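In: Sequence and predicted model, in that order:
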Amino acid sequence: MERIDAGERELVGDAEQIRAQMDELTARLRELDEEIGNLAVTRKSLLALPPATPEPPVLPNHPAYQQILNAFAETPGPKRARDLCQVLDLPLTPKTIESTRHKLKRLVSLGVLAETEPGLFAQRRP
């Protein structure tokens, strides 16, 4: 009988330890479920935010681009490459006009200017 009592006490002790571990694990599982829920709410909140404002475009490191932008600021309204060459007092040669058109297209691709119709460039509206 003593061996049975000793075995029973050992099993009862083991069962109590396992129950205590189960309680700890259940509490930890509850904490993890709460953290998962918080992360889901955070994700949902972040996805509902409006998009961040984009970084301003980086202009090419050449003074001609700044001259073009200054010309648009000083004489508002859409311009063609030829008109811009006149405003900038550049020679009206095909090479100069095409080079200016290329710069205008680059400013369009950077989002600084808009091409309102083929060959006609204007300041982009905010």
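Out: On my side now, so go ahead. Note that the structure is a prediction, hence the values are computed from the model and not measured. Numbering: from 1, shown residues only.

In: So which residues of this protein form helices?
Out: Defined through DSSP state H, the helices belonging to the chain, from first to last, are 2-48, 63-74, 81-87, 94-109.

In: now, of these, which is deepest in the fold?
Out: Per-stretch averages of neighbours, counted by mean count of other C-beta atoms under 10 Å, single out helix 81-87 among the helices of the chain, with a mean of 17. Where C-beta positions appear, they are placed from N, C-alpha and C, glycine not excepted.

In: Tell me which other helices or strands it touches.
Out: Contacting helix 81-87 under the criterion 3 or more C-beta pairs under 8 Å, 6 or more residues apart in numbering; DSSP states H and E are the following elements: helix 63-74, helix 94-109.

In: Turn these into JSON lines, columns for distance to residue 52 and mean pLDDT.
Out: Shown next, in JSON lines, are the helices and strands packed on helix 81-87 (distance: least, C-beta to C-beta, whole Å; pLDDT from 0 to 100):
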{"stretch": "helix 63-74", "distance to residue 52": "25", "mean pLDDT": "92"}
{"stretch": "helix 94-109", "distance to residue 52": "21", "mean pLDDT": "95"}
